[in-house]
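Asks: got a predicted model here, sequence first, then my questions.
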Amino acid sequence: MAQNSRIRVYIACSFDGFIAGPGDDLSWLPGASGSSEGIPASVETGALGFEQFMGDVGALLMGRSTYDVVAGFGGVWPYGKRPVLVATHRPLTPVTTEVRAVRGDVSTLVALARDAAGGQDVYLDGGDLIRQAMDAGLIDDLVVTMVPVLLGKGSPLFAGVEQRRPLEFLGHHRFGSMLQVQFRPTNPAR
């Protein structure tokens, strides 16, 4: 049952391909200041809003840096009661009982997340983890929302993948002031 779950990426990046600015700065993201400025009130047909995406997600697998940034936001935990597996070798203080630390290579981590998802999809988050999963051919689809800003430096989304990975273009949609692009890797290793 767990093997039917898809491994999915849903992420925003700057137009020049960064998922965070220097020092994990996310102030450039729409709504980062706590306001709804820049966040689309309604989603264009075909675009995939966060809540709609999360409707199919049974568990999350994220890197430690991503977890630390999200946990630092405070407020309501954005993932509800879904299991959140955090890939880390350092001690972890969970912000909710749904969060737990996991270790292993990316294939092991994905298998653990699939089990935790109970047949639903796995939301994969964090630049390094995404690149590792891409290199291992473990990602089923990507939804990348490009924010119209140039950061110049920061944490890259795909820079550093170890091999060429062809992608099938599935579509693009206006998402408020942003552009959402959907892809599927065409030659997964599994």
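Replies: Yep, it's here. This one's a predicted model, so the numbers in the text were calculated from it and none came from an experiment. Residues are numbered from 1 along each chain as shown.
Asks: lowest mean pLDDT among the helices and strands of the chain, which one is it?
Replies: Ranking every helix and strand in the chain by mean pLDDT, DSSP states H and E puts helix 50-54 at the bottom, with a mean of 89.
Asks: and that helix, what other elements does it pack with?
Replies: strand 7-14 (3 or more Cβ pairs under 8 Å, 6 or more residues apart in numbering; DSSP states H and E). C-beta here means a position set from N, CA and C on the backbone, and glycine is covered the same way.
Asks: apply 10 Å and report the result again.
Replies: When contacts are defined as 3 or more Cβ pairs under 10 Å, 6 or more residues apart in numbering; DSSP states H and E, helix 50-54 packs onto strand 7-14, strand 121-125, strand 141-147.
Asks: how about Arg103: what's its closest non-neighbour residue?
Replies: For Arg103, ignoring the flanking residues on the chain, the nearest one in space by Cβ to Cβ, 6 or more residues apart in numbering is His89 at 6.3 Å.
Asks: picking up where we left off before, whichever helix or strand comes after the least confident helix or strand of the chain pairs with which strands, and in what direction?
Replies: Downstream of helix 50-54, the first helix or strand assigned by DSSP states H and E is strand 57-63. Partners of strand 57-63 in the sheet, by DSSP bridges, are strand 84-87 (parallel), strand 121-125 (parallel).
Asks: how about the next helix or strand after the last one as CSV, C-alpha atoms only?
Replies: What that stands for is strand 121-125. Heading C-terminal from strand 121-125, the first helix or strand you meet, by DSSP H and E, is helix 127-135. Extracted in CSV, the C-alpha atoms of helix 127-135 (Å, rounded to 0.1, in the frame of the first residue of the first chain):
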residue,chain,number,x,y,z
GLY,A,127,17.0,21.8,-1.0
ASP,A,128,19.7,19.2,-0.2
LEU,A,129,17.2,16.4,0.3
ILE,A,130,15.4,17.3,-3.0
ARG,A,131,18.7,17.2,-4.9
GLN,A,132,19.6,13.8,-3.3
ALA,A,133,16.2,12.4,-4.2
MET,A,134,16.4,13.8,-7.7
ASP,A,135,19.8,12.1,-8.2
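Asks: next one: helix 127-135 to chain centre, how far?
Replies: Helix 127-135 sits 10 Å away from the centroid of its parent chain (Cα atoms, centre = their mean, to the nearest Å).
Asks: kindly report the same for stretch 12-32.
Replies: Counting by Cα atoms, centre = their mean, stretch 12-32 comes out at 13 Å from the chain centroid.
Asks: with stretch 86-94 instead?
Replies: That offset, for stretch 86-94, works out to 18 Å (Cα atoms, centre = their mean).
Asks: what is the end-to-end distance of it?
Replies: For stretch 86-94, the first and last residues are 9 Å from each other (Cα to Cα, to the nearest Å).
Asks: and what of stretch 155-174?
Replies: Start-to-end, stretch 155-174 (Cα to Cα) is 24 Å.
Asks: which positions within stretch 152-159 qualify as buried?
Replies: Buried residues in stretch 152-159, counted by 16 or more other Cβ atoms under 10 Å: 154-157.
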